[in-house]
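Participant: Okay, sequence plus prediction incoming.
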Amino acid sequence: MNQIHMATILTRKRREKGITQEGLAEAMGVSKAAVSKWEKEQSYPDITLLPQLATYFNISVDELLGYSPQLTRDDIRTLCKTVSAEFISNPFDGWMAKCREVIKEYYSCFPLLYHMALLLVNHHCSAGTREEREEMLEEAKALCARIASESGDALLSRDAVYVQSLCCLILRAPEGVFALLGESLRRMPDLAEDNLISQAYELAGNTAKAKEISQCGMYQYLMLLIGATTTHISLSGDEFDAAQTAHHRAAELIRLYGFDKLDPNATATAYLVGANLYCEHGHLEKALELLEKYAGLCVSMAFPFKLQGDSFFTAIDAWLDDGEIGSLLPYDEKMIKQRMLESLGEFPSFAALHDSPRYKTIIRKITGFANAESI
């Protein structure tokens, strides 16, 4: 719960009402000394007096206590950025303790709980053991389940169900995903809703907001389309022609939209999956070409990494910065660099490249970048 600030509020309200401590004491049936102690935070009123005091000043008991279960949007952003920053400077166990402390203190602030669930999902890979990673995901699931069932906010609940489903997927529990999202596609994707909202803003004369909504919708679905196409490459690996077509289309989307700058992580995944496809089918030169792109993308990444728009997506920066995870992603630089190197080892097909001088150069390039100290 938030800190109680009743002494300050009591003093202010008494003065606003134009009465003395003696006057308040008489109205409440207590001594002047008791009121004085309340205002000096030396003691608190008996709990049975709280409704009487609140009524006397025409405020709620929560307002009298200075307590609000809901933080403002700015308060949530500030708190989440503080917790994110502490991930870099604190030991992991200390950071987790801080997360749990924040969750406990603001357990009724559902928007904050949603952001905390996202932080747990984003950082679960940093836990030392598999059991700890699974525990973090289960905690995130539980928070999202609470949000979905108790927040009364339809949009927030929908987002929470999505994150809950993501946790199930990471935990390799497909039945959980089906239970939450069903087993078939929805008829109307959110992009249709985004387009309606954009047109509504245009109709209302707010062209700037209409453009922002339109661009944000395109950006989100571009990310989803490239991600889904990358997944399709993996699913079609035994049908080389179909998988290669999917790769070509993903590569064209990346080129057309400059997606390597918009989302380097998703682009890097597309390069790795494409390289794996070509390795599995014996096209080693093409695989090396994609891995060289991967290495170039990795070493060109600037830290702290920040999602941002470009000359086409000119109206999305404020939305990204104000989004659920924010434009400044809460990841540790060292962890990201190490992950770039480790990702190569997740594809057994790359063993066919181990004797290649070009592949050795790629490994040296990423290793040097991963081990380099930040300036």
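Facilitator: That came in fine, so what should we check first?

Participant: quick one: contacts for residue 207?
Facilitator: Contacts for residue 207 (Cβ atoms under 8 Å, 6 or more residues apart in numbering) come out as residue 201. For every residue, glycine as well, the C-beta is placed using N, CA and C.

Participant: any idea of the pLDDT on it?
Facilitator: We have a pLDDT of 94 for residue 207.

Participant: go on, residue 68?
Facilitator: Residue 68 is given a pLDDT of 62.

Participant: Same question for the one 5 residues further on.
Facilitator: Note on residue 73: pLDDT of 83.

Participant: And residue 329, by the same measure?
Facilitator: We note a pLDDT of 49 for residue 329 in this prediction.

Participant: In terms of secondary structure, what does the helix or strand encompassing residue 341 contact?
Facilitator: Element membership for residue 341 (DSSP states H and E) is helix 333-344. Under the contact criterion of 3 or more Cβ pairs under 8 Å, 6 or more residues apart in numbering; DSSP states H and E, helix 333-344 touches helix 264-280, helix 284-299, helix 357-371.

Participant: who touches it?
Facilitator: Residues outside helix 333-344 that contact it (Cβ under 8 Å, 6+ apart): 88, 125-126, 268, 272, 291, 298, 301, 303-305, 350, 362-363, 366-367, 369-371, 374.

Participant: which of those residues count as buried?
Facilitator: 126, 268, 272, 291, 298, 350, 362, 363, 366, 369, 370 (16 or more other Cβ atoms under 10 Å).

Participant: From residue 219, how far off is the second one?
Facilitator: Residue 268 sits at a distance of 18 Å from residue 219 (criterion: Cβ to Cβ, to the nearest Å).

Participant: Help me confirm that residue 274 comes into contact with residue 247.
Facilitator: Yes - the criterion here is Cβ atoms under 8 Å, and residue 274 meets it with residue 247 at 4.7 Å.

Participant: what sits in contact with each of those two?
Facilitator: Counting by Cβ under 8 Å, 6+ apart, the residues touching both residue 274 and residue 247 are residue 233.

Participant: Could you verify my assumption that residue 113 touches residue 105?
Facilitator: No - between residue 113 and residue 105 there is no contact under Cβ under 8 Å: 11.0 Å.

Participant: As a check, name the ranges of all helices in the stretch 1-150 of the chain.
Facilitator: Taking DSSP state H, counting those that start in this stretch, the helices of the stretch 1-150 of the chain run over residues 6-17, 21-28, 32-39, 50-56, 61-65, 73-89, 92-105, 110-123, 130-150.
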